[in-house]
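> got a structure for you, letters missing:
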């Protein structure tokens, strides 16, 4: 989900609490190119505003100084440079503040069910069965996927691609890879996106890497990377009426984390090839962590006419996005390993 940068937040813990939200609201309109409504972040902030107010009041009334220490430790995240230091600080926050947050949540007397129901109603119909709430704090994740190719399953054929007849040609698409990347960074955020080639033993392969990270007070980071094959027709193949059978064997890894210290944090990652789309998303709308990891082998097969050069060249794209508002942290990291990618001529039947 794309989010636009807003004005500087003057009160980082209470800036999203204006305008009450009707917990019985039912409409949801999807934004083009997004699996979520375009105003979903603002809607979620309004839904959970009463819970946030009650929690913050309970934390402020603690009187032990723990809340002040909690905010200071979260703020320190944006000063750390290395990933190891960030992970160490996040582990410290988990260790020392979970009991404090849990007890404050209990003292606030938050009934989670009405909030969960309102969040469900804010989603498009197609996503209401794809959301899973974490055990506490109203945190949740969404997983969505679809594919256009006719394969009955994602299990690979154990046998190698059949050798073509003498007059037919097969080509390793990784020999002509052309990649690209794009980074979007707003305020307290970072992004990385690159295409690499590994040339070790027993074989060489390409892989894509993308990362988006966001820090307090307000950050948006997205890294996007893609790889296509720049074959030519005529050139790589003759321009005739033969078909091209496209076979791909890729491995997609993604790890996404959203940590909220009082306002919304979210992270997502996706894989897209034009044929297969996979999207994962985590949300921490009030407090604490929500995380999701995926490691998936993706097998694709489709057939194209030689006039469909764009389809034949198309490889895959990965993108990783992180957003945080106020005190919080979000990180989204993805990689795609291109294990095998072949283009083989076939005669029309």
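Yep, it's here. Please read these numbers as outputs of a predicted model, since none were measured by experiment.

> would you list every one of the helices in the stretch 1-150 of the chain?
40-47, 49-60, 66-75, 83-108, 112-122 (DSSP state H, counting those that start in this stretch).

> Tell me the pLDDT of the residue lying closest to residue 116 once chain neighbours are set aside.
Excluding the flanking residues, the one nearest residue 116 by C-beta to C-beta, 6 or more residues apart in numbering is residue 133, at 5.9 Å. All C-beta spots, glycine's among them, are computed from the backbone N, C-alpha and C. Here, the pLDDT recorded for residue 133 equals 94.

> I'd like the distance from residue 133 to residue 143, if you could.
13 Å (C-beta to C-beta, to the nearest Å).

> Pick the most buried one from the helices of the stretch 1-150 of the chain.
helix 40-47 (a mean of 21; mean count of other C-beta atoms under 10 Å).

> From the contact counts, what lies against that one?
Helix 40-47 sits against helix 112-122, with contacts defined as 3 or more C-beta pairs under 8 Å, 6 or more residues apart in numbering; DSSP states H and E.

> so what does the helix it packs on touch, helix or strand wise?
helix 40-47, strand 131-133.

> TSV please, covering the ones you listed and showing distance to residue 231.
Shown next, in TSV, are the helices and strands packed on helix 112-122 (distance: least, C-beta to C-beta, whole Å):
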stretch	distance to residue 231
helix 40-47	40
strand 131-133	41
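
> Out of these, which is closest to residue 299?
With C-beta to C-beta as the criterion, residue 299 lies closest to strand 131-133 of the helices and strands packed on helix 112-122, at 25.6 Å.

> partners of the closest one in the sheet?
Next to strand 131-133 in the sheet, as set by DSSP bridges, lie strand 140-147 (antiparallel).

> Next, the angle helix 112-122 makes with the partner strand.
30 degrees (axes from the mean of the first three to the mean of the last three C-alpha atoms, to 10 degrees).

> Mind checking what helix or strand follows strand 140-147 in sequence?
Next along the chain after strand 140-147, taking DSSP states H and E as the criterion, comes strand 170-172.

> Now for residue 342: which residues touch it?
161, 170-173, 245-247 (C-beta atoms under 8 Å, 6 or more residues apart in numbering).

> Looking at the residues you listed, point me to the pair that's furthest apart.
172 and 245 (13.5 Å).

> Have a look at those two and say which one is more surrounded.
When residue 172 and residue 245 are compared for neighbours, residue 245 comes out ahead with 18 against 11, by other C-beta atoms under 10 Å.

> Which residue is the nearest non-sequential neighbour of the more buried one?
In space, residue 245 is closest to residue 344, 4.7 Å off (C-beta to C-beta, 6+ apart).

> Likewise for residue 276?
residue 147 is the one closest to residue 276 (C-beta to C-beta, 6+ apart), at 4.4 Å.

> surely that neighbour meets residue 275?
Yes - shown here, residue 147 and residue 275 form a contact pair, counting by C-beta atoms under 8 Å, at 6.1 Å.

> The two: which is more packed in?
residue 275 (19 against 15).

> Go through the strand or helix carrying residue 298 and flag the buried ones.
Taking DSSP H and E as the criterion, residue 298 maps to strand 287-305. Residues of strand 287-305 classed as buried under the neighbour-count rule (16 or more other C-beta atoms under 10 Å) are 287-292, 298-302, 304.

> What of stretch 137-149?
137-142, 144.

> Give me the mean pLDDT for it.
Here the average pLDDT along stretch 137-149 is 85.

> try stretch 265-272
89.

> now stretch 84-99
90.

> roughly how far out does that stretch sit from the chain middle?
The gap between where stretch 84-99 is centred and where its chain is centred comes out at 22 Å by C-alpha atoms, centre = their mean, to the nearest Å.

> Give me the contact list for it.
Residues outside stretch 84-99 that contact it (C-beta under 8 Å, 6+ apart) are 66, 70, 73-74, 76-77, 80, 257, 259, 288-289, 329, 331.

> cool, stretch 71-83 as well?
Taking C-beta under 8 Å, 6+ apart as the rule, stretch 71-83 contacts 86, 89-90, 92-93, 96-97, 188, 215-216, 259, 261, 327-329.

> Contacts only, for the residue nearest to residue 276.
By C-beta under 8 Å, 6+ apart, the neighbours of residue 147 are 275-277, 300.

> Same list (those residues) but as TSV, adding distance to residue 118 and pLDDT.
Shown next, in TSV, are those (distance: C-beta to C-beta, whole Å; pLDDT from 0 to 100):
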residue	distance to residue 118	pLDDT
275	35	85
276	32	87
277	27	88
300	38	90
